[in-house]
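*Asks:* Dropping the sequence and predicted coords here.
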Amino acid sequence: MKKYYVLIALACIVLVNCKEKENKEEVLATEEMSMENTSDMNENDWIVLFDGTSFDGWHVYPGKEVPDAWELEDGAMILRPKEARTDGNRFNMVTDKEYTDFVLYLEWMVTEGANSGIMWGVVEDPKYDEPYYTGPEIQVLDNINHPDAKNGTTHQAGALYDMVAPSADVVKPIGEWNVYEITINHKTNEGIVVLNGTKIVEFPVTGEGWDTMVASSKFADWEAFGKYQTGKIALQDHGENISIGYRNIKIKEL
């Protein structure tokens, strides 16, 4: 009789263990599905701004069609000015749409002596000749050969131009592609620049902290600089006959 009860007890333990294992497997399967769905949703949050096949969604500031100075090559947009700029012509590329809070992902490449930048909060208005009159800039630069790099670290690649220097130099050699992930979030008052996987710049994007930075910069007396939370994104043509390139541009609105 005792053996009978022992066998029943053992059977119950086995059943309980099997049930627990089954429940754990179901939970793990559910968690894996949830992670997959979350990944899909996160990926779906991104909007492609430039897919490498056309300039759809872009134009040249202010309100001009994209000229042949910008070329499509191997999935990238490459600025190659075709003639001397005797008239001071610039070919700043800007988005058709405006954005407020976002994460911007893109890849950039400079040739020797190149200078460019990524701006946000850009407003197209006839009284502003250039995007930089309204849009703050994350610097894109050949740190070795362009003279602006000698004007301090707030002018070097990765900097919030003339305001916040990068905490580390992680720029790749000339001719190689660098990766930017730029966050502008007015809700949390955060600006973040990640270059090639390293966070190198953080700054406030509004309020007293922002005003203090601007007041200590070359933009202190610029009436419209950084005043617009909503605006277009610009890729700067600095005006030199030197090539720059951008590719894999996408945005996630926050």
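*Replies:* Yes, it's here.
*Asks:* hey, let's count contacts and neighbours off CA atoms from now on
*Replies:* Fine.
*Asks:* Which of the three states applies to Val48?
*Replies:* Under DSSP: H, G, I helix; E, B strand; the rest coil, the three-state class of Val48 is strand.
*Asks:* That one contacts Ile249, doesn't it?
*Replies:* Yes - Val48 is within contact range of Ile249, at 6.2 Å (criterion: Cα atoms under 8 Å).
*Asks:* The two: which is more packed in?
*Replies:* Between Val48 and Ile249, counted using other Cα atoms under 10 Å, the more crowded position is Ile249 (19 against 14).
*Asks:* Next up, identify which helix or strand the more buried one is on.
*Replies:* strand 244-253 (DSSP states H and E).
*Asks:* any chance you could map the strands in the protein?
*Replies:* 46-50, 58-60, 70-73, 76-79, 93-95, 102-110, 115-122, 137-141, 178-185, 190-195, 198-203, 232-235, 244-253 (DSSP state E).
*Asks:* To Gly226, which of the ones you listed lies closest?
*Replies:* With Cα to Cα as the criterion, Gly226 lies closest to strand 115-122 of the strands of the chain, at 6.8 Å.
*Asks:* Contacts only, for Ser181.
*Replies:* Quick fix: residue 181 reads Glu, not Ser. Glu181 is in contact with 103-106, 193-195, counting by Cα atoms under 8 Å, 6 or more residues apart in numbering.
*Asks:* likewise Ile78?
*Replies:* Counting by Cα under 8 Å, 6+ apart, Ile78 touches 70-72, 243-246.
*Asks:* Identify, from the residues you listed, the entry nearest to Tyr99.
*Replies:* Looking across these and measuring by Cα to Cα, the closest to Tyr99 is Tyr246, at 19.2 Å.
*Asks:* Give the bridge partners for the closest one, please.
*Replies:* Met77, Trp108 (DSSP bridges).
*Asks:* Would you check how far apart it and Gly52 are?
*Replies:* From Tyr246 across to Gly52, the span is 9 Å (Cα to Cα, to the nearest Å).
*Asks:* Tabulate the strands of the chain (a markdown table), appending distance to Lys218 and mean pLDDT.
*Replies:* As requested, these are arranged in a markdown table below (distance: least, Cα to Cα, whole Å; pLDDT from 0 to 100):
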| stretch | distance to Lys218 | mean pLDDT |
| --- | --- | --- |
| strand 46-50 | 31 | 98 |
| strand 58-60 | 25 | 97 |
| strand 70-73 | 30 | 97 |
| strand 76-79 | 27 | 97 |
| strand 93-95 | 23 | 98 |
| strand 102-110 | 25 | 98 |
| strand 115-122 | 16 | 98 |
| strand 137-141 | 13 | 98 |
| strand 178-185 | 21 | 98 |
| strand 190-195 | 19 | 98 |
| strand 198-203 | 17 | 98 |
| strand 232-235 | 20 | 98 |
| strand 244-253 | 25 | 98 |
